[in-house]
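1. coordinates only, no sequence provided:
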Ligand SMILES: N[C@H](CCC[C@H](N)C(=O)O)C(=O)O
């Protein structure tokens, strides 16, 4: 039985945030679709999910959760994929997020809010897809895509639509079409699309050193000459296996909170960057720690793990099919030669259901 979280009253104190990817693309679609949505009598109820819960009075709480889903009460489901955790919102009735970026920052706060690495919105399909997904990082920035998040998204949709067993969905994201498939063991296999290597499209200002890409190039960060490869999975990643002085990283020795922000905010990454630090055990087994753009050190990063295998193959460290150990657990990655798509397989689980007063 899920724990029922009673409303917090979140103040929307102004919080600096940086939009990473212009959401004007979504906004433009919103404008053209808003008319068709308003002219349809769509009614999506989340009460199906929450009907099994009972509202509980918390001593001293000023608000009682309305079981009628009052307008200022936000229902959500907390999911996690290898400990990379998200607040999922049923937004299937609109392409406008029910929560602003600043509210997302408050909701993600682990002391004063629900606590999460991001907020994910399940929205109507675009260009014929089943659904679309938007996400705010815990700092309020909006990335193009989230690998662990899309696995959680798929399980969330299955819950909302009462779907059992194997099922795949077409999802429109800032990284293009992504296809997650729920498998019989409950894990989710995701076609993450093709990696992008062209330096300006990462984006990075590091000079391309191989066929327009940045592969095993040098980048000075905090006085150290790191050897890096840059890969986009729709969102930007910088992968390193070590430095000029030390080619074999021991990732557990890293002071991530010190070095992570220096990569994230490096001038060579105009949209900031997700950074993956990798230790190679064999040609099919690696270990990784990540400092995420807009979220900091997380227990796992799905897009980052896909980027790691691409970089490892390009630098000659690994095969195309690998297991990557993250602090939150392992992900299986397969960068298929035949279609150049990267496939990721891993878990996604419900933590709890809840409601919060915005
Ligand atoms: N912080 C990332 C988005 C979330 C990616 C990560 N959580 C994943 O599972 O892919 C970014 O700003 O690009």
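-> Yep, it's here. What you see is a predicted model, and the numbers here were worked out from it, not measured in a lab.
2. any buried residues in stretch 180-195, and which?
-> Residues of stretch 180-195 classed as buried: 180, 181, 182, 188, 189, 190, 191, 192, 193, 194, 195 (neighbour count, 16 or more other CB atoms under 10 Å). The C-beta positions use only the backbone N, C-alpha and C, and glycine is treated the same way.
3. and the residues you listed, which is closest to residue 332?
-> Closest approach between those and residue 332, by CB to CB: residue 189, at 8.5 Å.
4. return the residues of the stretch 1-150 of the chain in contact with the ligand.
-> 20, 84, 137, 143, 146, 147, 148, 149 (CB under 6 Å from any ligand atom).
5. kindly reformat those residues as CSV containing neighbour count, secondary structure and pLDDT.
-> Shown next, in CSV, are those (neighbours: other CB atoms under 10 Å; DSSP: H, G, I helix; E, B strand; the rest coil; pLDDT from 0 to 100):
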residue, neighbour count, secondary structure, pLDDT
20, 19, coil, 52
84, 31, strand, 98
137, 27, strand, 98
143, 28, coil, 98
146, 32, coil, 98
147, 29, helix, 98
148, 35, helix, 98
149, 27, helix, 98
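6. is stretch 325-337 in proximity to the ligand?
-> No: contact of stretch 325-337 with the ligand (CB under 6 Å from any ligand atom) is absent, the minimum separation being 9.4 Å.
7. could you list the buried residues of that stretch?
-> Buried, per 16+ other CB under 10 Å, within stretch 325-337: 325, 326, 327, 328, 330, 331, 332, 333, 334, 335.
8. equivalent analysis for stretch 340-352, please.
-> 341, 342, 343, 344, 345, 346, 347, 348, 351.
9. does the ligand have contacts with it?
-> No: judged by CB under 6 Å from any ligand atom, stretch 340-352 makes no contact with the ligand; its nearest approach is 9.1 Å.
10. quick one, what contacts residue 344?
-> By CB atoms under 8 Å, 6 or more residues apart in numbering, the residues touching residue 344 are 147, 151, 189, 190, 192, 302, 305, 306, 331, 332, 333.
11. cool, and residue 98?
-> Residue 98 is in contact with 74, 89, 91, 121, counting by CB under 8 Å, 6+ apart.
12. the first one bridge partners, please.
-> According to DSSP bridges, the residues that bridge with residue 74 are residue 356.
13. that one contacts residue 356, doesn't it?
-> Yes: Residue 74 lies in contact with residue 356 (CB atoms under 8 Å); the separation is 5.2 Å.
14. adding neighbour count and secondary structure, write the contacts of residue 98 out as a markdown table.
-> Compiled in a markdown table, those are given as follows (neighbours: other CB atoms under 10 Å; DSSP: H, G, I helix; E, B strand; the rest coil):
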| residue | neighbour count | secondary structure |
| --- | --- | --- |
| 74 | 24 | strand |
| 89 | 23 | strand |
| 91 | 21 | coil |
| 121 | 24 | strand |
